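[1] next come a sequence and a model predicted from it.
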Amino acid sequence: MIRSALKYIIETFEEFVELIGYLLPTGFRRKLRWLKEHVFSKLWFRGGLGILLVFFGIFMLLGSTIESNLVSKMSKDSYNQHIVTGKSHNKGMYDFSKVKAASPKNAVQARLSLPSDVVGKLSVPELGVKVSIYLGVSNANLNRGAGTMKPNQQMGQGNYTLAGHHMDNDDSLLFGPLARAKTGQVALLTDGKYVYTYRIISRKEVTKYAVNVLNDVRGKCLLTMITCAQGGKTRWCVTGTLVKTQRLTKHLQSIYFA
């Protein structure tokens with residue numbers, strides 16, 4: 001019974017490696033193949049405990065690499081997708097209690113799940129942020145780009161709010177660079193027709209209960225971007241104010257959204 005269970009664990013691990021192996025650097029793929037051919041088979045005859053330890057040891061060592069490569073590929077692929085102009089058929093998920101923290105497991109689950117429609121793109125040139133915008137904050141959305149935090153938002157109107165993950169193991173991905181945002185930097189949104197330029201006016205650390213930052217402010221057109229800080233204990237809140245709206249041209253597309 002125990003040996004059957006352990007054999008199932010190894011088979012599951014091998015299937016997992018095959019699923020995401022193509023995303024890993026070549027060196028890691030070679031190491032995994034070598035371990036599978038030369039180590040797993042020997043440990044199997046020496047006892048299940050050794051196999052179990054190898055299984056979890058490899059996952060712990062490679063987990064962050066797997067996660068980074070998966071998220072990086074999903075984010076780049078989504079940024080190349082066309083924006084759905086007009087009314088989207090997907091309403092999005094806005095239950096913040098169901099938002100999952102970034103992890104290798106959640107990245108793999110997101111890879112196997114369908115996100116909502118791409119309704120726009122965000123670019124913060126000075127920070128290297130380039131992500132697609134999805135409706136809602138589902139796991140599939142947030143592992144690929146940014147998610148709208150309120151339904152029925154319109155770019156260039158009210159307080160346009162976005163949420164994005166901050167990857168602890170690679171802060172260059174998704175919303176990680178926002179932790180270094182400075183006043184005066186610009187953030188650009190596009191809905192496929194127009195470009196909305198916002199100038200960042202504040203970056204502050206707030207509690208996860210500070211939902212008031214999502215509220216509209218009378219007479220102001222704002223962009224609010226939220227991401228985790230201190231391992232998820234608090235949030236970075238980066239706010240910008242609208243300074244320009246212009247048609248999306250091929251030139252602007254090539255500079256900011258390609």
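    Alright, I've got the coordinates.
[2] show me the helices in the stretch 151-258 of the chain, by range?
    Assigned by DSSP state H, counting those that start in this stretch, the helices in the stretch 151-258 of the chain fall at 250-256.
[3] where in the chain is pLDDT low?
    Low-confidence segments of the chain (pLDDT under 70): 1-67, 70, 86-89, 102-114.
[4] let me see the domain layout of it.
    Following automatic domain parsing, the chain resolves into domains at 2-77, 87-256.
[5] Leu135 contacts Lys91, doesn't it?
    Yes - using CB atoms under 8 Å as the test, Leu135 is close enough to Lys91 to be in contact (6.9 Å). All C-beta spots, glycine's among them, are computed from the backbone N, C-alpha and C.
[6] buried residues in stretch 229-243?
    Residues Ala229, Arg235, Trp236, Cys237, Val238, Thr239, Gly240, Leu242 are the ones in stretch 229-243 that count as buried (16 or more other CB atoms under 10 Å).
[7] related to what we said a few turns ago, comparing Leu135 and Lys91, which residue is more hemmed in?
    Leu135 (25 against 11; other CB atoms under 10 Å).
[8] how near is the more buried one to Ser78?
    To Ser78, Leu135 is 13 Å away according to CB to CB, to the nearest Å.
[9] coming back round to it: please enumerate the shared neighbours of Leu135 and Lys91.
    Counting by CB atoms under 8 Å, 6 or more residues apart in numbering, the shared contacts of Leu135 and Lys91 are Pro151.
[10] I'd guessed Ala229 sits against Thr207; true?
    No - between Ala229 and Thr207 there is no contact under CB under 8 Å: 10.2 Å.
[11] which neighbours do those two have in common?
    Arg235.
[12] give the buried residues for stretch 160-172.
    Across stretch 160-172, burial judged by 16+ other CB under 10 Å covers Tyr160, Thr161, Leu162, Ala163, Gly164, His165, His166, Met167, Asp170.
[13] how long is it from one end to the other?
    The stretch stretch 160-172 measures 23 Å between its terminal residues, going by CA to CA, to the nearest Å.
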